[in-house]
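K.L.:
Take this sequence and fold it.
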Amino acid sequence: MNDYLHKLDETLKPLLLRDIRFTINSQHYKEGNFVLYNYGYFSINFSLKNYRKHKTEIIKIPLPFNVEYYEDEKLLYFDYRLHSFCHDKEIIELIKKVKKPMLSRFYDKIVTIEVYKHE
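P.N.:
Have a look, this model is predicted:
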């Protein structure tokens, strides 16, 4: 786990104090100035300074199955899709059949964090 968190630290540090935008499956989720991050229990807590609300808000997202960073595009992918975690199609189908009382908004989706210019 330490190697995983070290890799995650190395991808998040260049984004600090920059304007970032979170999207879930290409739909806008949150945006603001990336002030701070820390790790909670099975999650990453992002502190964003929101320009519209003039306050700092904390966004908690679960630790992803897979992280990819594209430096030239200033884009970070957090992959929560089931097939990136499990490669057996039968198991994935069984997981999908389990009745879930409440799903996370990140379940079986891709979250992107991109650097953008604040207007």
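K.L.:
The residue in the chain sticking out farthest from the centre: helix or strand, and which one exactly?
P.N.:
In the chain, the residue that sits farthest from the middle, by CA atoms, centre = their mean, is residue 90; the gap is 26.8 Å. Using DSSP states H and E, residue 90 sits in helix 89-97.
K.L.:
Show me what that helix packs onto, helices and strands only.
P.N.:
With contacts defined as 3 or more CB pairs under 8 Å, 6 or more residues apart in numbering; DSSP states H and E, the packing partners of helix 89-97 are helix 82-85. Where C-beta positions appear, they are placed from N, C-alpha and C, glycine not excepted.
K.L.:
hey, C-alpha coordinates of the helix it packs on in CSV?
P.N.:
Output of helix 82-85 as CSV, limited to C-alpha atoms (Å, rounded to 0.1, in the frame of the first residue of the first chain):
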residue,chain,number,x,y,z
LEU,A,82,-15.4,-3.2,-11.9
HIS,A,83,-13.5,-4.7,-14.8
SER,A,84,-10.4,-2.7,-13.8
PHE,A,85,-10.6,-4.3,-10.3
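K.L.:
Mind listing residues that contact that helix?
P.N.:
With contacts defined as CB atoms under 8 Å, 6 or more residues apart in numbering, helix 82-85 is touched by 65-66, 92, 95-96, 108.
K.L.:
Let me have the residues you listed in TSV, extended by pLDDT.
P.N.:
Formatted as TSV, those follow (pLDDT from 0 to 100):
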residue	pLDDT
65	71
66	76
92	81
95	79
96	79
108	79
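K.L.:
out of those, which are buried?
P.N.:
For these, a burial check counting by 16 or more other CB atoms under 10 Å picks out 92, 108.
K.L.:
Specify which member of the contacts of helix 82-85 is nearest to residue 12.
P.N.:
Proximity of these to residue 12 (CB to CB) peaks at residue 66, which lies at 15.2 Å.
K.L.:
For residue 105, give me its contacts.
P.N.:
Taking CB under 8 Å, 6+ apart, we find residue 105 in contact with residue 24.
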